[in-house]
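S.K.: my questions are about this predicted structure, shown below with the sequence.
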Amino acid sequence: MIVPDPSVRQALRRRMLAWRRGLAPHEWAALNGRLLAHLGRWWHDFRARLAESPVWVGLYWPMKGEPDLRSLFADWPWRALPAAVAPHSPLLFRPWHEGVPMIDDCYGIPTPASAETVRPEVVFAPLVAFDRQGYRLGYGGGFYDRTLAAWRAEGWQGIAVGVGFAAAEVASLAPEAHDVAMDVVVSDAGVVYSGI
């Protein structure tokens, strides 16, 4: 499927979110387990190229049937979660570990209560749909596009990794000028795109 206009994107978003909601718990767990296995191998290989300095990873709080990456990074000391602080602003990332006080961001998604922020070197972004050119379909707020575009304009050298289930792959999302491609896309089928 090629997704050329907003109405088609909206229909695809509704269809994919309904598909995720329809997954039985054991089906979701099997998909998530396969995705984590592939992502774990990618992360192991990627880490082998890193220096010993701290590398912050930007995770996300899973909702609406999104893949849950938290167990994969349970022992990683430099973790952050995003916070949407206003509808048309870039995301902020706040250091996070189990047990830190949490609040809801402006969309009701849990985020650390601390005012401290970091800029992760690796950002993991959930995918409602994706294509093999690295483009993603999210919930329509543009937060990851806006954030990554702003960071890259300021010289950010990190990478963005999209994660989603293989059933959400389409032939092309027909990206628009504001769409920012992921550097890597990982699904339960494996690493389906890598631009690095």
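M.R.: Yes, it's here. Residues are numbered from 1 along each chain as shown.

S.K.: how many neighbouring residues does the closest residue to V122 other than its chain neighbours have?
M.R.: The spatial neighbour of V122 that comes closest, neighbours along the chain excluded (CB to CB, 6 or more residues apart in numbering), is V57 at 4.8 Å. All C-beta atoms are positioned from the backbone trio N, CA, C, and that covers glycine. When counting by other CB atoms under 10 Å, one arrives at 21 neighbours for V57.

S.K.: what about V57, distance to L35?
M.R.: 16 Å (CB to CB, to the nearest Å).

S.K.: how far is stretch 189-196 from where the chain is centred?
M.R.: On the basis of CA atoms, centre = their mean, to the nearest Å, stretch 189-196 sits 14 Å off its chain's mean C-alpha point.

S.K.: for the record, mean pLDDT for that stretch?
M.R.: Averaging pLDDT along stretch 189-196 yields 88.

S.K.: now the strands for this protein?
M.R.: 57-58, 79-83, 92-95, 102-104, 110-112, 122-126, 129-130, 136-137, 159-163, 184-187, 190-194 (DSSP state E).

S.K.: would you turn the ones you listed into JSON lines with distance to A177?
M.R.: Formatted as JSON lines, the strands of the chain follow (distance: least, CB to CB, whole Å):
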{"stretch": "strand 57-58", "distance to A177": "24"}
{"stretch": "strand 79-83", "distance to A177": "23"}
{"stretch": "strand 92-95", "distance to A177": "25"}
{"stretch": "strand 102-104", "distance to A177": "32"}
{"stretch": "strand 110-112", "distance to A177": "29"}
{"stretch": "strand 122-126", "distance to A177": "19"}
{"stretch": "strand 129-130", "distance to A177": "19"}
{"stretch": "strand 136-137", "distance to A177": "15"}
{"stretch": "strand 159-163", "distance to A177": "18"}
{"stretch": "strand 184-187", "distance to A177": "20"}
{"stretch": "strand 190-194", "distance to A177": "20"}
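
S.K.: buried set for stretch 91-109?
M.R.: L91, L92, F93, R94, P95, W96, D105, I109 (16 or more other CB atoms under 10 Å).

S.K.: need the max-distance pair from those residues.
M.R.: P95 and I109 (16.5 Å; CB to CB).

S.K.: most centrally placed residue in the protein?
M.R.: A125 (0.9 Å; CA atoms, centre = their mean).

S.K.: what bridges to that one?
M.R.: Residues in a beta bridge with A125, per DSSP bridges, are G162.

S.K.: and it, what is it in contact with?
M.R.: Counting by CB atoms under 8 Å, 6 or more residues apart in numbering, A125 touches Y60, R136, G138, Y144, A160, V161, G162, V163, M182.
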